[in-house]
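Asker: When you get a sec, could you give me coordinates for this:
(one chain, ligands or ions: 1)
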Amino acid sequence: MRGDNQNEQIPEFVDLLRLAKAKRTFVGKLALAKMTRLGHYLANNDGIIDVVLEFGQDIEGFYYIKGELKGALTLICQRCMQPMELQIEHAFNLSPVWTDVQAKTLPERFEPVMLTKDERFSLVEMLEDELILQLPVLPKHDEQDCSIKLSGLNEQFESTTEKPNPFAVLAALKNK
Ligand SMILES: [Zn+2]
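Answerer: Residues are numbered from 1 along each chain as shown. I've put the predicted structure just below:
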């Protein structure tokens, strides 16, 4: 079988049905820099995402695209506005459809992916959509990792120093 090369480039434009009929698999990497819509949410787009894709047709005749995405995205924490890492580990199971009716009647195990007759299908955009769907509405560090503490007491110190001196905090409390 083709597609066992661990460093295979994920092709940008594909014929989904042809890949499904040929039962192609891809194991490869996708550069974040290729995904400009996703890039709007990122602090930087230096990284790569590991991608596993399997195309086929199940026993009921449905074409499918199974995939796994793994990697890290650097977002901006909406509390302290500093970079934060989001680990992505996402599996999906898509099936191509051409109409809304087909999309609505698709078995529950699938998410629809809409095809049009005359457009080239962008595999990269499909994966980009999957990644965008993984983004939290309001990305925030875990409380202990955030440079702004919820109590708010340390805020003014932490904006200038990494570790506030506990005596300085005490002094500030006394001066209030
Ligand atoms: Zn934060």
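Asker: could you measure the residue positioned nearest the centre of the chain against the ion, distance?
Answerer: Centroid-nearest residue in the chain: Leu131, 2.5 Å away (criterion: C-alpha atoms, centre = their mean). As defined by C-beta to the ion, to the nearest Å, Leu131 lies at a distance of 21 Å from the ion. All C-beta spots, glycine's among them, are computed from the backbone N, C-alpha and C.
Asker: Same check on Ala91?
Answerer: Here Ala91 is placed at a distance of 28 Å from the ion (C-beta to the ion).
Asker: Pretty sure that residue sits against Gly67.
Answerer: Yes: the pair Ala91 / Gly67 is scored as a contact, 7.0 Å apart, by C-beta atoms under 8 Å.
Asker: Counting neighbours, go ahead and name the busier of these two.
Answerer: Taking neighbours as other C-beta atoms under 10 Å, Ala91 and Gly67 compare with Gly67 leading, 20 against 11.
Asker: that's a strand at the more buried one, yeah?
Answerer: Yes: counting by DSSP: H, G, I helix; E, B strand; the rest coil, Gly67 is found in a strand.
Asker: Show the contacting residues for it.
Answerer: Each residue near Gly67 by C-beta atoms under 8 Å, 6 or more residues apart in numbering is listed here: 51-54, 91-94, 127, 130.
Asker: let's go with 6 Å and repeat that
Answerer: If you count contacts by C-beta atoms under 6 Å, 6 or more residues apart in numbering, Gly67 has them with 53, 92.
Asker: Phi, psi for the residue nearest to the centre of the chain please.
Answerer: For Leu131, the backbone dihedrals (degrees, to the nearest 10) come out as phi -70, psi -40.
Asker: all helices of the protein, in order?
Answerer: Applying DSSP state H to the chain gives helices spanning 16-21, 36-39, 100-104, 123-133, 155-158, 166-174.
Asker: looking at the ones you listed, which has the lowest confidence?
Answerer: Lowest mean pLDDT of the helices of the chain: helix 155-158, a mean of 50.
Asker: I'd say Lys28 and Glu8 touch.
Answerer: Check again: residue 28 is Gly, not Lys. Yes: using C-beta atoms under 6 Å as the test, Gly28 is close enough to Glu8 to be in contact (4.0 Å).
Asker: so what sits against both of these two?
Answerer: By C-beta under 6 Å, 6+ apart, no residue touches both Gly28 and Glu8.
Asker: okay, now the residue lying closest to Trp98 once chain neighbours are set aside: neighbour count?
Answerer: The shortest distance from Trp98 to any non-neighbouring residue, by C-beta to C-beta, 6 or more residues apart in numbering, is to Leu115 (5.6 Å). Leu115 sits with 16 neighbouring residues when counted by other C-beta under 10 Å.
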